[in-house]
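Novice: Output the structure for:
(one chain, ligands or ions: 2)
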Amino acid sequence: MSDSPLADHDLSAANTLGLPCRAERFAAPAAIGPLRLLLRQAADQDWPLTILGGGSNLILPGRLPGLVIKPALPHWWLERQGSSVLVHVGAGVEWHSLVMALAGRGLWGTENLALIPGFCGAAPIQNIGAYGVELCEVLEAVQVLFVDDGRPAVLTPQECAFGYRDSIFKGELQGRVVITGLILRLSRVASPRLSYGDLAQRVGTHPGPLEVAEAVCAIRREKLPDPAELGNAGSFFKNPIVERQRAEEILSSWPEVPHFELADGRVKLAAGWLIDQCGLKGWRSGHFGVHDRQALVLVHFGGGSAAELLAFADRVVEQVQARFGVVLEREPRLA
Ligand code: FAD
Ligand code: EPU
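Specialist: Numbers count the residues shown, from 1 in each chain. Ligands and ions are numbered 1, 2, ... in the order given. A predicted model of the protein is given here:
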């Protein structure tokens, strides 16, 4: 892929929802030097800038003005440190391929995060999480370039202010940096985390990380639609976190709601269950629907637009709010 911008580039196949989109300019720099030059060009020309990974957590409009940059930086290597291994990885490495390669080498830490689509550069944005593990638990550092002047910086996990589906990259640093690489710390010591759902029943007594990763992939394939076959962005809403008193009120009426108590006393509720209870699982209206195996996933049957998707999502939010008094927040980001 060329480092200089391509004009009027089609991104319809570059987002997992399959929304039609054309970028005024698009570039996929494979090294830091060309990436810096592009940032300078965008700043000099006052072009609006969009950073794109695998488009698996993005809602794209019909047209993106300015410049879209997809950092392609493809390197990764390992550095041994006692019983740990540091993984240095560029933003353009596909997350799932990395996870499987690390698990295949017997390294523990990322195996529960198998089959999450997208690239490493996007993983810290919402602090990806699945099956009881979040990225921040294995992250040592995030390497960035500031978009205004191209200066590099390295952020510690504390500086990244990670939370549930949250980080500084969705707050103070939103739109201000390009993530160029990550450093992860994995372990050579067996440390399986099998407490989520029925994961423990899916593996043998002393599983290796590859066995755990494969079990996670099998569970995910049973309920999540493959974006190659049906457009989607994974969970469309975050699981809502409510104060304990509100949770107790909800639980007194619906004792079966799946919930998880957080360290700060608040309670996380399963949004998929709330949507399911509203009778919306499998509901379709126009080009969009609620997935028939996982109600937290909205699907695109083709031919729809971002505006239609957002209107469809609003109807889901309204029904959940009317029934449970809980307002769902969107997970995928608007470009
Ligand atoms: P994109 O969607 O391209 O971008 C996401 C955001 O990050 C955008 O705001 C973009 O501007 C920004 N961004 C991307 N790259 C960079 C960069 N290098 N520097 C600065 N900003 C950048 N997520 C989970 O947490 N857990 C799951 O279990 C999970 N399962 C999923 C299952 C499916 C089927 C799908 C479709 C999605 C799922 N997701 C899940 C959501 C998604 O895969 C993750 O959020 C992923 O990290 C997004 O990566 P991406 O490369 O596609 O990012
Ligand atoms: N549930 C229902 N009906 C549904 C869907 C879910 O009753 O239609 C119930 C399930 O039976 C279970 C509970 O809700 O008791 C939770 O369901 P699940 O284990 O499928 O997880 P989730 O909370 O719906 C979250 C993440 C996923 C992640 C999985 C596994 C969020 C917003 N979503 O989903 O992440 O893969 O847990 O850890 O936190 C994503 O972010 O895109 C994503 C897919």
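
Novice: where exactly do the strands run in the stretch 1-150 of the chain?
Specialist: 6-10, 22-27, 49-51, 58-59, 63-69, 76-81, 84-90, 129-130, 133-134, 139-146 (DSSP state E, counting those that start in this stretch).

Novice: now the third one: how far from the chain's centre is it?
Specialist: Distance of strand 49-51 from its chain centroid, counting by CA atoms, centre = their mean, to the nearest Å, is 17 Å.

Novice: Next: the last one.
Specialist: Its chain's C-alpha centre and that of strand 139-146 lie 17 Å apart, by CA atoms, centre = their mean.

Novice: what comes up buried for it?
Specialist: Neighbour counts over strand 139-146 (16 or more other CB atoms under 10 Å) mark 139, 141-145 as buried. (Glycine included, C-beta is placed from N, CA and C.)

Novice: same deal with the fifth one?
Specialist: Neighbour counts over strand 63-69 (16+ other CB under 10 Å) mark 64, 66-69 as buried.

Novice: would you put the C-alpha positions of it in CSV?
Specialist: Output of strand 63-69 as CSV, limited to C-alpha atoms (Å, rounded to 0.1, in the frame of the first residue of the first chain):
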residue,chain,number,x,y,z
ARG,A,63,-18.3,10.3,3.3
LEU,A,64,-15.2,11.1,5.4
PRO,A,65,-13.6,14.5,4.6
GLY,A,66,-9.9,15.2,5.0
LEU,A,67,-7.5,12.3,5.5
VAL,A,68,-8.0,8.8,6.8
ILE,A,69,-4.9,7.1,8.1
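
Novice: anything in stretch 225-241 sitting right up against ligand 1?
Specialist: Yes - counting by CB under 6 Å from any ligand atom, contacts between stretch 225-241 and ligand 1 involve 227, 232-234.

Novice: tally of neighbours for F324?
Specialist: 24 (other CB atoms under 10 Å).

Novice: before we move on, what about the one 3 residues further on?
Specialist: Other residues near V327 number 12, with proximity taken as other CB under 10 Å.

Novice: hang on, it packs against Q321?
Specialist: Yes - the pair V327 / Q321 is scored as a contact, 5.4 Å apart, by CB atoms under 8 Å.

Novice: Now do the domain split for the chain, please.
Specialist: Here the domain parsing of the chain from automatic domain parsing is 6-69, 76-222, 225-334.

Novice: Next, format those domains as JSON lines and append mean pLDDT.
Specialist: Formatted as JSON lines, the domains of the chain follow (pLDDT from 0 to 100):
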{"stretch": "domain 6-69", "mean pLDDT": "98"}
{"stretch": "domain 76-222", "mean pLDDT": "97"}
{"stretch": "domain 225-334", "mean pLDDT": "97"}
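
Novice: what's the closest of these to ligand 2?
Specialist: domain 225-334 (2.5 Å; CB to the nearest ligand atom).

Novice: Does ligand 2 have contacts with that closest one?
Specialist: Yes - contact between domain 225-334 and ligand 2, assessed by CB under 6 Å from any ligand atom, occurs at 234-235, 238-239, 258, 270, 272-273, 276, 281, 294-296, 331.

Novice: ok now do the most centrally placed residue in the chain, which residues does it touch?
Specialist: Nearest to the mean C-alpha position of the chain, counting by CA atoms, centre = their mean, stands I128 at 5.1 Å. Shown in contact with I128 (CB atoms under 8 Å, 6 or more residues apart in numbering): 95, 113, 116, 118, 134-135.

Novice: Which ones, among the residues you listed, also lie beside ligand 1?
Specialist: 116, 118.

Novice: Kindly write the ChimeraX command that selects the buried subset of the contacts of I128.
Specialist: Provided next is the ChimeraX selection string for whichever of the contacts of I128 are buried by 16+ other CB under 10 Å:
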select :95,113,116,118,134,135
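
Novice: Now the two most distant members of the contacts of I128.
Specialist: Farthest pair in the contacts of I128 (CB to CB) is G118 and E134. Separation: 15.1 Å.

Novice: count of neighbours near the residue nearest to P5 when sequence neighbours are not counted?
Specialist: Spatial nearest neighbour of P5, chain neighbours left out: R25 (3.8 Å); criterion: CB to CB, 6 or more residues apart in numbering. R25 has 21 neighbouring residues, counting by other CB under 10 Å.

Novice: I'd like to know how far R25 sits from P65.
Specialist: 9 Å (CB to CB, to the nearest Å).

Novice: what do the two both touch?
Specialist: Counting by CB under 8 Å, 6+ apart, the residues touching both R25 and P65 are W47.
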